[in-house]
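S.K.: what follows is a predicted structure for the sequence shown.
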Amino acid sequence: AIVAVVGLGYVGLPFAVEKAKVGFRVLGIEQNPVRAEQINNGENYISDVKDEDLNEVVNNGKFQAVTNFERVSEADVIVICVPTPLTKNLTPNLSYIESVTAEIANHLRPGQLVTLESTTYPGTTDEVMLPILEQVSGLEEGKDFFLAYSPERVDPGNKRYTTRNTNKVVGASHPVSLEVATLFYRQTILHVVPVSSAKAAELVKVFENTFRAVNIALVNELTILCDCMNLNVWEVLDAANTKPFGIMPFYPGPGVGGHCIPLDPHYLEWKAKEFNFNTHFIALAGEVNRKMPQFVREKTWRVLNQKGIAPSRANILVMGVAYKKDLGDWRESPSVEVIELLLKDGVEVIYHDPYVTNLSVGGFDLASVELTDRTIESADLVLISTDHTEIDYVNLIDKAQIILDTRGVTRHLDCNQAKVVLL
Ligand code: SAJ
């Protein structure tokens, strides 16, 4: 069978390589010619994809990338993994989905299955894509062709859960379409969970990420409260976790980054307004999470002042700029926002991140400094902003003058914690 994957980013490329590895012929349709070229040369650009896997499927002819839809009618299944960004005022921008759907509609033929994987508001598949596909092709969904929605659940940097062993929810409004889509996904994914409509599957996805955003906001709010009450929020959370079944593993941080958690809940908020329904949790979670970089900046000031150092004369070593640990993605990273705030205060900031060699923030171009004892000792304050696993935190505590740990990564270390201030 031939699978077309539209959009070869951090969702599409791992999916395409997985399918090609198990024997599907995969036609990648990628609008960016540079990326298409890289793929056909076996050059990998997504860290969750193994270079050798990409090379194997490109060299054995199972996977190739093109930049247009001319050959999409060859495919039995067309999987759409294009971005669904939000505009500045948090309204969904479906332009990518609409344009690729129109292209597919022009080449649609009987027997094809089309599935959407991009995170979007409930209703996109049935209310936006279906009309375009039927009207332009003249074919009938559920009879001539099949349409379904199946959200990706890739967790960037997670080595344990991959595309193959992460449970896959699939939804379609027509029972035959649901049957066809479920069969397709079951060929490469261990556990597929069908639901009764595309809308339900769309809601599952935005709810999952809303759940994370709300719970992260809850522990962030607790952090600010503990700061007022001079309590250690990490001690409180760890002790609360001793409850049978514990509380979910959510922990404070300098804010919420990445392209999913800060944004996805607003798809639900936007759709709910159609029914004059206010999703208070979503708005509040966004508000609390967006406050955290400012809170880290204020706490940094306080720690410096307690040492008699004016922020404008301080030099700070920031440890970690990626939006979360053990990966190099620093776009929409709260750590970068903290750096920008400190630079505006006149603080001299240097950073070390094993995954991010260069960074441009607030008009400055910074490069990751080499982590020598000298670099650590000469900083007035070391700010741990991303808790990469490979850092030697015991040595960091030993050599640093003072540490502000915004991730609680040092709290269980068996060493002198006198120099550590926890968020
Ligand atoms: N964060 C906290 N405290 C926490 C958890 C996360 O401050 O307790 C921060 C992280 O540092 C990061 C941000 O929130 O800056 C988002 O982290 P994340 O791991 O929730 O989000 P992503 O975007 O890396 O990946 C998530 C996936 N996460 C997990 O499965 C753990 C999953 O929800 C989605 O599949 C994915 O977003 C997506 O693409 O929607």
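M.R.: Structure's in. What do you need?
S.K.: look at residue 133 and say how many residues are nearby.
M.R.: 20 (other C-beta atoms under 10 Å). Where C-beta positions appear, they are placed from N, C-alpha and C, glycine not excepted.
S.K.: now it. Nearest residue, chain neighbours left out?
M.R.: Using C-beta to C-beta, 6 or more residues apart in numbering and skipping the chain neighbours, the partner closest in space to residue 133 is residue 105 (4.9 Å).
S.K.: how near is that neighbour to residue 410?
M.R.: Residue 105 is 55 Å from residue 410, where distance means C-beta to C-beta, to the nearest Å.
S.K.: got it, and residue 43?
M.R.: 38 Å.
S.K.: what about those two, which has more around it?
M.R.: Taking neighbours as other C-beta under 10 Å, residue 43 and residue 410 compare with residue 410 leading, 20 against 14.
S.K.: as a quick check, tell me the outermost residue of this structure.
M.R.: For the chain, the largest distance from the centre (C-alpha atoms, centre = their mean) belongs to residue 308, which lies 39.3 Å off.
S.K.: ok, that one to the ligand distance?
M.R.: Residue 308 is 31 Å from the ligand, where distance means C-beta to the nearest ligand atom, to the nearest Å.
S.K.: okay, the closest residue to residue 109 other than its chain neighbours: pLDDT?
M.R.: Of all residues not flanking residue 109 in the chain, residue 73 sits nearest, at 5.1 Å (C-beta to C-beta, 6+ apart). Predicted confidence (pLDDT) for residue 73: 96.
S.K.: for the residue farthest from the centre of the chain, phi and psi?
M.R.: phi 70, psi 20 (degrees, to the nearest 10).
S.K.: for residue 14, same thing?
M.R.: phi -60, psi -40.
S.K.: give me the helices and strands touching the helix or strand containing residue 297, please.
M.R.: In this assignment (DSSP states H and E), residue 297 forms part of helix 280-306. When contacts are defined as 3 or more C-beta pairs under 8 Å, 6 or more residues apart in numbering; DSSP states H and E, helix 280-306 packs onto helix 198-228, helix 265-273, helix 334-344, strand 381-384, strand 403-405.
S.K.: next SSE downstream of it?
M.R.: By DSSP H and E, the next helix or strand past helix 280-306 is strand 315-319.
S.K.: for the helix holding residue 297, the distance to its chain's centre please.
M.R.: Distance, stretch centre to chain centre, for helix 280-306: 21 Å (C-alpha atoms, centre = their mean, to the nearest Å).
S.K.: specify the angle between that helix and helix 334-344 in degrees.
M.R.: 40 degrees (axes from the mean of the first three to the mean of the last three C-alpha atoms, to 10 degrees).
S.K.: give the rounded mean pLDDT of helix 280-306.
M.R.: pLDDT averaged over helix 280-306 gives 96.
S.K.: would you mind giving the helices and strands packed on helix 280-306 as TSV with mean neighbour count and distance to residue 120 added?
M.R.: Output for the helices and strands packed on helix 280-306, formatted as TSV (neighbours: other C-beta atoms under 10 Å; distance: least, C-beta to C-beta, whole Å):
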stretch	mean neighbour count	distance to residue 120
helix 198-228	20	6
helix 265-273	21	6
helix 334-344	22	24
strand 381-384	26	35
strand 403-405	24	37
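S.K.: for the residue of the stretch 51-200 of the chain found nearest the ligand, what are its contacts?
M.R.: Taking C-beta to the nearest ligand atom, the ligand has its nearest neighbour within the stretch 51-200 of the chain at residue 155, 3.5 Å off. Taking C-beta atoms under 8 Å, 6 or more residues apart in numbering, we find residue 155 in contact with 161, 166.
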